[in-house]
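S.K.: here is the input, now give the coordinates:
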Amino acid sequence: MDQEKPEKQSGLSTRGALWVGVGVVLILALAFFLASFVGAMVHVHNVLRDGTENWGGIWTDENVEIAVKRLGGPERAAGQLSFYLRLPERVTTYRRQAVTLLGFCGKSAVPALKRALKNEDTFVRSHAVYALGRIGPAAKGAVCSLKEALEGESDMVAIGAARVLFKMGAPDIDKTVSILMRMLEDKKGSERKSAAITLGEMGTAAKNAVPILAQAVEDEDVEVRIYAARALWQVAADKDKALPVLLRELTDGEAKVRRIAAKALGVFGASAEAAIPALEQALNGGREDVRAAAAEALKKIRGGE
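M.R.: Numbering: from 1, shown residues only. Predicted coordinates for the structure are as follows:
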């Protein structure tokens, strides 16, 4: 009996030591995982910070591609950026930049971008819309989320969502056009301008907006007038209504207005032949950017492009 007791105690101590060993291994594994995760998030933060500081906040396509490469390529970058965006906002300073990078990560970035569309920060949502648009048809899984954004409080986000939905070939495009028409009537100048630009990009799909665009060419905001005239041509090929507006603005006292009008005339191609004398006059003086826009428009009107 006395010999059995030490053997029993020895068995218990062996099992206890085994469990302690297992516990130590699990703790070490967890510590390794946490250290790797924290290291990865610090790396993401540093890549986003370096890009923002080194490029002065200007994230060109080339700069974004460099950052994605530093994160291990599109697939790995999508996973890391997704985790980064799940962290508390107080420790994720570069959320907007992270969302922009996701636009270069393909379909695997779509779930994270759908979550970003619900972010409280308007600019994060706007960047998410842009990113989904860049991914293109592969982001069709986000159509429902984009439709929600279309009817949200931010007009900037809604206009971007409308553009992306159209490019994706989403159904119910008439509803999208209706929302843009409402913006063109009711909103402040910058939003009316963006609405007119987007309607023009939709071409004949925005035919229901023709009456509103015809009114907008008389808008109090000169840029709205120009973009509405361009859109009227893009949607309905209404040269008689649109061309006089642009010819008038081409003689405006402000160089920026003349430049925008000249660029808009280039969209008409050979149909803007009547604008050639005015554009040639714009080549003879004034700012370089106006002359360049006039030269480009003349090239398109004369069939150079």
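
S.K.: separation between the residue most central in space within the chain and Lys107?
M.R.: The centroid of the chain falls nearest to Tyr130 when counting by CA atoms, centre = their mean (1.3 Å). Per CB to CB, to the nearest Å, Tyr130 is found 16 Å from Lys107. To be clear about C-beta, it is placed using only N, CA and C from the backbone, and glycine gets the same treatment.

S.K.: try Ser190
M.R.: 33 Å.

S.K.: give me the contact list for stretch 104-116.
M.R.: 61, 64-65, 68, 74-75, 77-79, 81-82, 85, 95, 99, 102-103, 124-125, 127-128, 131-132, 134-135, 138-139, 141-142, 145 (CB atoms under 8 Å, 6 or more residues apart in numbering).

S.K.: go ahead and build a PyMOL selection from the buried members of these.
M.R.: In PyMOL, a selection of the buried entries from those looks like this (16 or more other CB atoms under 10 Å):
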select buried, resi 64+68+74+77+78+79+81+82+85+95+99+102+103+124+125+127+128+131+132+134+135+139+142+145
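
S.K.: show me the helices in the stretch 1-150 of the chain, by range?
M.R.: Counting by DSSP state H, counting those that start in this stretch, the stretch 1-150 of the chain has helices at residues 4-54, 61-70, 74-86, 95-102, 110-116, 122-135, 143-150.

S.K.: need the pLDDT of the residue nearest to the centre of the chain.
M.R.: Per-residue confidence (pLDDT) for Tyr130: 93.

S.K.: okay, it and Ala293: tell me how far apart.
M.R.: 25 Å.

S.K.: do Ser190 as well
M.R.: For Ser190, the distance to Ala293 - CB to CB - is 21 Å.

S.K.: more neighbours: which of these two?
M.R.: Each of Ser190 and Ala293 has its neighbours counted (other CB atoms under 10 Å); Ala293 has more, 25 against 13.

S.K.: list the contacts for the closest residue to the more buried one other than its chain neighbours?
M.R.: Nearest non-adjacent residue to Ala293, counting by CB to CB, 6 or more residues apart in numbering: Ala262, 3.9 Å away. Listed by CB under 8 Å, 6+ apart, the contact set of Ala262 reads 250, 279, 282, 290, 293-294, 296-297.

S.K.: would you point out the most distant pair within the residues you listed?
M.R.: Leu250 and Glu296 (13.6 Å; CB to CB).

S.K.: out of these two, which sits in the more crowded spot?
M.R.: Between Leu250 and Glu296, counting by other CB under 10 Å, Leu250 is the more crowded of the two (25 against 17).

S.K.: which non-adjacent residue is nearest that one?
M.R.: Ala261 (4.5 Å).

S.K.: next one: Arg230
M.R.: Ala264 (4.2 Å).
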